[in-house]
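Participant: turn this into a structure:
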Amino acid sequence: MTPRSRYADLSAASAAVLLVLAAVLVGRHIQDTRRTLFVRWPPLFAVWDPHLGPGTPAAVLVAVAVVAYGPSVAARLPWRGLLLTAWATALAWTWSLALVDGWRRGVAGRLTTRNEYLTVIGRFHDIPATLRDFTHHIVSGAPAPWPAHIAGHPPAATLTFVLLDRIGLRGGGWAGAWCITVGATACVAVLVAVRALADERLARRAAPFLVAAPAAVWVGASADGYFAAVAAWSVALLALAVTGRSVAWAAGSGLLFGLTCYLSYGLTLFALIGVAVLVLGRRRVRERPVLLPVLFLAGAAVVPVAFTLSGFDWWEGYRLLVTRYYEGVGGVRPYGYWVWANLACSVLLTGVATVAGLRRAGAVPARRRTAPRAEVRLALLVAAALLALLAADLSGMSKAETERIWLPFAMWLLPACALLPRPRVWLTAQTVLALALNHLLITGW
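Facilitator: Numbers count the residues shown, from 1 in each chain. All right, here's what the predicted structure looks like:
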């Protein structure tokens with residue numbers, strides 16, 4: 001690592017810290033004087049409340065272990081063993097951070113508050129009838145309007161928790177455990193995709209950063225962690241399909257992409273990441289120019305067709321959501337603040353190491369002739385994720401709470417950390433940030 005590149009990394013990280021500081025100070029002023037942000041600790045939807053909890057010792061232990069042994073263990077383990085270890089460590093990290101707030105406040109009560117999914121389980125006693133009637137309760141002036149999260153998402157999100165309830169996994173504890181357990185697999189999906197599209201060395205270097213990301217603060221326990229995993233596996237299976245593995249993976253990828261679009265309207269932007277995967281696997285696509293797209297589209301049609309036949313109109317739901325969004329705080333929150341403060345939220349979500357990694361990824365095209373081919377391919381993948389995140393930002397439909405909403409995109413920025421030298425230094429910064437956020441704030445949703 002040359003002194004110049006080290007200086008550039010530190011400059012990028014410092015700029016990110018200044019962006020967060022500006023978002024805090026400007027946001028505090030706007031909220032104190034105008035009361036238009038509707039967050040108590042801008043730019044995060046959180047409350048200042050320094051505290052310790054039962055998960056504190058475990059969180060510190062996991063952080064120390066990942067910093068001390070993560071890079072070396074990731075380099076030595078057999079590939080399948082690495083994937084299993086990554087999932088287990090991500091589970092330990094996410095659970096311990098969630099339990100810093102205690103079982104009720106950190107896990108079991110997260111999805112039972114007035115705007116969350118479990119509050120409407122009783123309204124789904126007749127699922128087909130509820131799906132047919134779903135769009136009639138989205139706008140605020142409708143009879144019995146849905147709470148914010150139910151109205152803000154297609155019904156597959158709520159239906160997930162309805163089905164958990166139906167099979168006996170009732171209550172906030174099981175719902176929180178579902179989101180954490182499934183959400184922790186997102187790091188495995190990203191590793192699979194990076195290995196397939198770039199190379200195994202970069203995937204191994206990225207593993208500790210994916211496992212111990214500050215994003216785990218919001219994976220445990222929010223439904224967006226679950227959404228992130230579904231979207232991530234859609235990309236991972238597509239990566240397997242276009243890199244010489246069985247093209248049958250394309251059908252599974254399509255199925256999960258269709259589900260992703262019915263979990264969150266905004267995650268249709270994952271199509272941008274999918275396009276990047278197709279570009280990286282264009283040789284395989286040219287070999288199977290008909291079969292691969294047909295399998296993907298056939299899989300992608302399953303969920304939309306099922307919901308459409310059940311009576312839910314996705315386009316009508318999105319149109320009404322836009323109306324609902326601007327009826328409420330979304331119409332009051334100032335775009336001029338959130339369009340850049342959202343990016344400060346992303347710094348807190350992904351950490352300063354990711355900012356430095358993105359700087360290195362951005363520099364790869366300038367030295368394309370000398371850069372390793374795998375690094376060029378990784379840079380394209382994270383650039384697609386960044387483009388999707390920026391599109392969500394500019395849309396104006398993500399003003400605030402993006403530390404949770406953008407979890408699916410954030411997972412695909414983290415692999416940029418594989419380009420960083422001295423990983424233990426950067427891992428220390430990542431884990432300290434996560435511990436500080438979880439111990440100084442009570443995060444919302």
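Participant: dump the residue contacts of the residue nearest to L441 when sequence neighbours are not counted.
Facilitator: The shortest distance from L441 to any non-neighbouring residue, by C-beta to C-beta, 6 or more residues apart in numbering, is to A46 (4.1 Å). (Each C-beta comes from the backbone N, C-alpha and C, glycine too.) Each residue near A46 by C-beta atoms under 8 Å, 6 or more residues apart in numbering is listed here: 39-40, 441-444.
Participant: how many neighbours does L440 have?
Facilitator: By the criterion of other C-beta atoms under 10 Å, L440 has 13 neighbours.
Participant: next: L21.
Facilitator: 11.
Participant: so for the strand or helix carrying it, what gets flagged as buried?
Facilitator: Applying DSSP states H and E as the criterion places L21 in helix 3-33. Residues of helix 3-33 classed as buried: 9, 12-13, 16, 19-20, 23-24, 26-27, 30-31 (neighbour count, 16 or more other C-beta atoms under 10 Å).
Participant: picking up where we left off before, inside strands: which ones of the contacts of A46?
Facilitator: When the contacts of A46 are checked against strands (DSSP state E), the matches are 441-443.
Participant: now those residues in CSV, with distance to T181, pLDDT and neighbour count?
Facilitator: Below are the ones in strands among the contacts of A46 laid out as CSV (distance: C-beta to C-beta, whole Å; pLDDT from 0 to 100; neighbours: other C-beta atoms under 10 Å):
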residue, distance to T181, pLDDT, neighbour count
L441, 24, 97, 21
I442, 23, 94, 17
T443, 19, 91, 22
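Participant: and the lowest-mean-pLDDT helix or strand in the chain, what's buried?
Facilitator: Within the chain, judged by mean pLDDT, DSSP states H and E, the helix or strand with the poorest mean is helix 282-287; its value is a mean of 81. For helix 282-287, burial by neighbour count (16+ other C-beta under 10 Å) applies to 284-285.
Participant: which stretches of the protein have low pLDDT?
Facilitator: 1, 445 (pLDDT under 70).
Participant: could you pull out the strands for this structure?
Facilitator: 46-48, 441-443.
Participant: which residues touch the closest residue to R170 other than its chain neighbours?
Facilitator: Closest residue to R170 apart from its sequence neighbours, by C-beta to C-beta, 6+ apart: L164 at 7.5 Å. Going by C-beta under 8 Å, 6+ apart, L164 touches 170, 174-175, 178.
Participant: do you know how far L164 is from G252?
Facilitator: Distance, L164 to G252, using C-beta to C-beta, to the nearest Å: 22 Å.
Participant: equivalent analysis for G266, please.
Facilitator: With C-beta to C-beta as the criterion, G266 and G252 are 22 Å apart.
Participant: same check on P289?
Facilitator: 20 Å.
Participant: neighbour count: the two, which is higher?
Facilitator: A side-by-side neighbour count of P289 and G252, using other C-beta under 10 Å, places G252 first with 20 against 9.
Participant: hang on, isn't the more buried one packed against G299?
Facilitator: Yes - assessed by C-beta atoms under 8 Å, G252 is found in contact with G299 at 6.3 Å.
Participant: just give me the neighbour total for A88.
Facilitator: Other residues close to A88 by other C-beta under 10 Å number 12.
Participant: can you check the one 3 residues further on too?
Facilitator: With neighbours defined by other C-beta under 10 Å, the count for L91 comes to 21.
Participant: before we move on, what about S72?
Facilitator: Neighbours around S72, by other C-beta under 10 Å: 12.
Participant: again with the one 3 residues further on
Facilitator: Around A75 sit 13 other residues, with neighbours defined as other C-beta under 10 Å.
Participant: in the stretch 101-250 of the chain, what residue spans correspond to helices?
Facilitator: Here the stretch 101-250 of the chain has its helices, by DSSP state H, counting those that start in this stretch, at 103, 127-133, 148-151, 155-166, 171-183, 186-197, 200-211, 216-219, 223-241, 249-263.
Participant: the fifth one versus helix 223-241: what angle between them?
Facilitator: Looking back up the chat, that one is helix 171-183. In terms of direction (axes from the mean of the first three to the mean of the last three C-alpha atoms, to 10 degrees), helix 171-183 departs from helix 223-241 by 30 degrees.
Participant: buried set for helix 171-183?
Facilitator: 172-183.
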